[in-house]
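**Student:** got a sequence here, can you build the structure:
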Amino acid sequence: MAACAIVVLGQNSVTLAKQIKTGLLNASIYGLAERTSNVDVSFTNFGETLRELFAKGTPIIGICAAGILIRTLAPIISDKRQEPPVLAVAEDGSAVVPLLGGLQGVNDLARQIAAVLQVKAAITTTGDIRFHTALLSPPPGYHLANPDDAKKFISDLLAGATVKLKGTAPWLVNSKLPFDEEGKLTIQITEYEVPLTPDCLVYHPATLAIGVSNASAVNLEEAVSCIQQMLADAKLSIFSVAGVFTLDEEAASVIEEIADALNVPVRFLNCHEKNAVAIALTATGANGKLLIQQECGINLAVAVSQEVIDIKTIGKARGQLFIVGTGPGAANWMSPEVKQILSEATDLVGYSFYLDLAGSLREGQRRHEFDNREELARAEMALDLAAEGRIVAVVSSGDPGIYAMAAAVFEVLDCNQPKWQSIKIHVAPGISAIQAAAARIGAPIGHDFCVISLSDILKPWSIIERRIIAAAEADFAIAFYNPASKQRTSQLASARDILLRYRSPQTIVVLARNVGRVGESVVVRTLADLSPQEVDMRTLVLVGSSKTRTVPHTGGVWVYTPRKY
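**Tutor:** Predicted structure coming up:
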């Protein structure tokens, strides 16, 4: 099931939402702006947000009256087979009511939430109540091949018909279905494609493992077509394929594309025998049985397990490394993409202060703290963790690509360690310090500007000096990052003195400190009045161009740079 959205309309419901979140993997709390705080996502329009989540297939848990959810979603409810779970939870946590998504596991989700709240879910589905199972919504690892026949099938059961079971499925054996070897109805559990009839429900269990080797030079379309034809010739259902399995050293991107085309997961194994047969049999365990072996430019094998394959316990997933920017500090400046990554990551790596900005950990997440100057060590650990198949988020403040961890990660990656080559890497941008500072004071970077770091730890001052001169001569607005620290106290004064050779003493300067954090201050000075004593590492210094101007308003001034000069 996809990650849930827990929707709250007032601060009184946030505590309950957090309690529910503890029992759900990767859930996010959506809170109405100006009425809630300390939530994962803020929204301003309840109806639009709810309908957008529903359209995306996101399970919705509304801590509100059931009627509000129903009336809001009614205009877009159309196909019960596709609709995600929607539940209403009473504001005091006393009731959990499944509303929509019966075919997507809403009753199971309701029971899961009810268990967290120590109440009983208000299940009203007759078949679910009587038979203690939902035939239309089988558990993970089983696919119902003919859902169109299920409604009449269940009606017949409720009317007194008995059913015989062909095959093995613990969830059915442990139910209260009226089993009888002479039953009029049939439930069949099989990996094979079989004729579908109204009096027989067919479930395909995820018991097949496809082993793949020698995939590096294969054409993607040909490989997918070969696998599909191989399964069709053997009359095996694609819905019984638990996943594609391969070796650690195979081309990860190619294998992942094959698995994506088949809509199944991929896992990487370390086998002594480097062939598809050994891989497939390793994936299916000691009792696995080889069904097919084939070569078509790519080595393929299909093996079957005696029980549903728990893919998460076999080998490892392709490692994923996300390099994210949390923005300057304010929670509502963190992008939804970054929030989603942080909620799904298994490991968070970063400077301790930046990790604090990322928020609290969910159950099972690991936090790896580093000193602020240990960028390369952070990057190396993150790559090593991702190489183990973990989902790793390297956390920067601001934007990760501006004087931050994205460059450090790629610098380490450039060492060409073989174990890192298969990692999937994604950079998620954030609001930078210069953007945040500029937004607070107006539009000082409304025209051409540049950004220069005054830190001479990684580059000599002579290079910094040349760049300041070039920017001053070109009449750029200039943002100075890393202007001062306890060890570096002279650089800003030197930069000011250089600029005064090219700019008027009345040039506008903005000092923005802790923007978006506690203790925020944004003040306007002139270049002549710029005092290094006012500045530290949490200050961004923004020097205007020769055309940058101020506009007075009640209580202060706006600063902007005209668009034409």
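**Student:** now do the contacts for the closest residue to Arg267 other than its chain neighbours.
**Tutor:** Counting by Cβ to Cβ, 6 or more residues apart in numbering, Arg267 lies nearest to Gly315, which is 4.1 Å off, once chain neighbours are set aside. Quick note: C-beta positions are derived from backbone N, CA and C, even for glycine. Contacts of Gly315 were listed using Cβ atoms under 8 Å, 6 or more residues apart in numbering, and they are 245, 267-270, 283, 389.
**Student:** and if we set it to 7 Å?
**Tutor:** For Gly315, the contact set (Cβ atoms under 7 Å, 6 or more residues apart in numbering) comprises 245, 267-269.
**Student:** check what pLDDT it gets.
**Tutor:** pLDDT recorded at Gly315 is 91.
**Student:** follow-up on the earlier one: would you point out the most distant pair within the contacts of Gly315?
**Tutor:** Distance extremes for the contacts of Gly315: the farthest pair is Phe245 and Phe268 at 7.8 Å, using Cβ to Cβ.
**Student:** what about those two, which has more around it?
**Tutor:** Shown here are Phe245 and Phe268; by other Cβ atoms under 10 Å, Phe245 has more neighbours (31 against 23).
**Student:** direction included, what does the strand or helix carrying that one pair up with?
**Tutor:** Using DSSP states H and E, Phe245 sits in strand 241-247. Looking at strand 241-247 with DSSP bridges, its partner strands are strand 208-213 (parallel), strand 266-269 (parallel).
**Student:** make a markdown table from those and add distance to Leu32 and mean pLDDT to it.
**Tutor:** Shown next, in a markdown table, are the strands paired with strand 241-247 (distance: least, Cβ to Cβ, whole Å; pLDDT from 0 to 100):
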| stretch | distance to Leu32 | mean pLDDT |
| --- | --- | --- |
| strand 208-213 | 46 | 94 |
| strand 266-269 | 40 | 92 |
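**Student:** which one of the ones you listed lies nearest to Val515?
**Tutor:** Closest among the strands paired with strand 241-247, using Cβ to Cβ: strand 266-269, at 42.3 Å.
**Student:** circling back: please identify the deepest-packed of the strands paired with strand 241-247.
**Tutor:** Highest mean neighbour count among the strands paired with strand 241-247 (mean count of other Cβ atoms under 10 Å): strand 208-213, with a mean of 27.
**Student:** alpha carbons of that one, as PDB, please.
**Tutor:** C-alpha atoms of strand 208-213 as PDB (Å, rounded to 0.1, in the frame of the first residue of the first chain):
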ATOM      1  CA  LEU A 208       7.900 -17.200  -9.100                       C
ATOM      2  CA  ALA A 209      11.500 -15.900  -9.200                       C
ATOM      3  CA  ILE A 210      13.000 -14.800 -12.500                       C
ATOM      4  CA  GLY A 211      16.800 -15.100 -12.400                       C
ATOM      5  CA  VAL A 212      18.800 -12.900 -14.800                       C
ATOM      6  CA  SER A 213      22.400 -12.800 -15.800                       C
END
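**Student:** okay, the residue most central in space within the chain and Glu388: tell me how far apart.
**Tutor:** In the chain, the residue lying closest to the centroid (Cα atoms, centre = their mean) is Ile341, at 3.5 Å. Distance of Ile341 to Glu388, given as Cβ to Cβ, to the nearest Å: 18 Å.
**Student:** then Leu458?
**Tutor:** 29 Å.
**Student:** who has more neighbours, the two?
**Tutor:** Shown here are Leu458 and Glu388; by other Cβ under 10 Å, Glu388 has more neighbours (13 against 8).
**Student:** quick one: contacts for that one?
**Tutor:** Taking Cβ under 7 Å, 6+ apart as the test, what Glu388 contacts is 316, 319.
**Student:** so who does the nearest residue to His447 once chain neighbours are set aside touch?
**Tutor:** Spatial nearest neighbour of His447, excluding adjacent residues (Cβ to Cβ, 6+ apart): Thr561 at 4.6 Å. Counting by Cβ under 7 Å, 6+ apart, Thr561 makes contact with 443-447, 477, 544-545, 547-548.
**Student:** where does Thr561 land on pLDDT?
**Tutor:** Note for Thr561: predicted pLDDT of 96.
**Student:** one more: Pro532?
**Tutor:** At Pro532, the model reports a pLDDT of 90.
**Student:** now for it, how many residues are close by?
**Tutor:** By other Cβ under 10 Å, 17 other residues sit near Pro532.
**Student:** identify the residues contacting it.
**Tutor:** If you count contacts by Cβ under 7 Å, 6+ apart, then Pro532 has 484, 489, 492-493 around it.
**Student:** for it, give its distance to Ser504.
**Tutor:** 20 Å.
**Student:** ok, now Leu511?
**Tutor:** For Leu511, the distance to Ser504 (Cβ to Cβ) stands at 18 Å.
**Student:** so which of the two has more stuff around it?
**Tutor:** Between Leu511 and Ser504, Leu511 has the larger neighbour count (other Cβ under 10 Å), namely 20 against 12.
**Student:** surely the more buried one is in contact with Asp536?
**Tutor:** No - Leu511 is beyond contact range of Asp536, at 10.2 Å (criterion: Cβ atoms under 7 Å).
**Student:** closest to Pro140 out of the contacts of Gly315?
**Tutor:** Using Cβ to Cβ, those come closest to Pro140 at Arg267, 15.8 Å.
**Student:** perfect, I'm done here.
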